[in-house]
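Asks: next come a sequence and a model predicted from it.
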Amino acid sequence: PNSNISMQETMFNPLSPKNYEDAQEMTMKLQTRLQEIIEAAEGCRVMGIGLEGGLAPYITKEAGDIVPEQRLWRMAKQAILDCGYVPGVDVAIALDPASSELENAYREENNDPKAIGMYLFWRDKEKVVMTRDELYDFFRKTIEDDDIPIVSIEDGFAEDDDAGWKLIQQGLGDKLFIIGDDSVTT
C-alpha cells in the first residue's frame, strides 16, 4: 500500500542546536530513529519521502486512534526521547496538515463542491470525516491531552474555512505558531 497518512507533513523542529550543522545532525538522527521505530512496528513501514522532506509512512492505528497520524506523532515523540532529547525543549514537532486538501477530498468524495469546514482523511482504508470543530478538538487533544510537543501548525484549516481559522487562533494561538500559507500564497 501507499502511505495512509492524509495530512501532508510531520516534521521535527530542532530548538536547542547552537548552529545549522548541529540542527542538521539532530534532524538526521531523529529521522533515522523514527524510520527505525516505524519499520520495527507491526504493520508499519516507510513508503518514501514526503513532499517537504518528512517520511511518508504506512501506519497501522492502535486502539483509541481515530486516524493513523496519531500513532505517527507518538512515534515521533518516541524518536525524540530515544535520541536523548527533551520533547518541547530540545526538539518539537511541526505539522503541515494541508487541510485545504482534506476539505477538497471531502468535497470530491461527497460531490459537494461548496462544502466548507468538512475534512476527509482519505488515505487510510477507513476514511474518516471530521467537522471543523472535531478537527480543532483533534489538534487540541493531541497537544494538551496526548502531550505531543507541537510547536506549529501550518494550514490547519482550509483556506476558505474562516470559522476554523478563528477557532484555532483563539484556542491555540497562544500555545503555538499558526501559519496560514494556503491563505496568503495560493
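Replies: Looks like it arrived, so ask away.
Asks: got a list of contacts for the longest helix along the chain?
Replies: Among the segments of the chain that qualify as a helix by DSSP state H, the longest is helix 20-40. Helix 20-40 has contacts (CB atoms under 8 Å, 6 or more residues apart in numbering) with 12, 14, 17, 44-46, 54-55, 57, 59, 72, 75-76, 78-80, 82-83, 85, 90-91. Bear in mind the C-beta positions are built from the backbone N, C-alpha and C, glycine included.
Asks: give me the buried subset of those residues.
Replies: Among the contacts of helix 20-40, those buried by neighbour count (16 or more other CB atoms under 10 Å) are 12, 14, 44, 46, 54-55, 57, 59, 72, 75-76, 79-80, 83, 85, 90-91.
Asks: please flag which of those residues sit within strands.
Replies: Phe12, Pro14, Val46, Leu55, Pro57, Val91 (DSSP state E).
Asks: Ile153 against Gly180, yeah?
Replies: No. Ile153 is not in contact with Gly180 according to CB atoms under 8 Å; the separation is 9.9 Å.
Asks: more neighbours: which of these two?
Replies: Neighbours per residue (other CB atoms under 10 Å) separate Ile153 from Gly180, with Ile153 holding more: 24 against 16.
Asks: check which helix or strand covers the more buried one.
Replies: strand 150-154 (DSSP states H and E).
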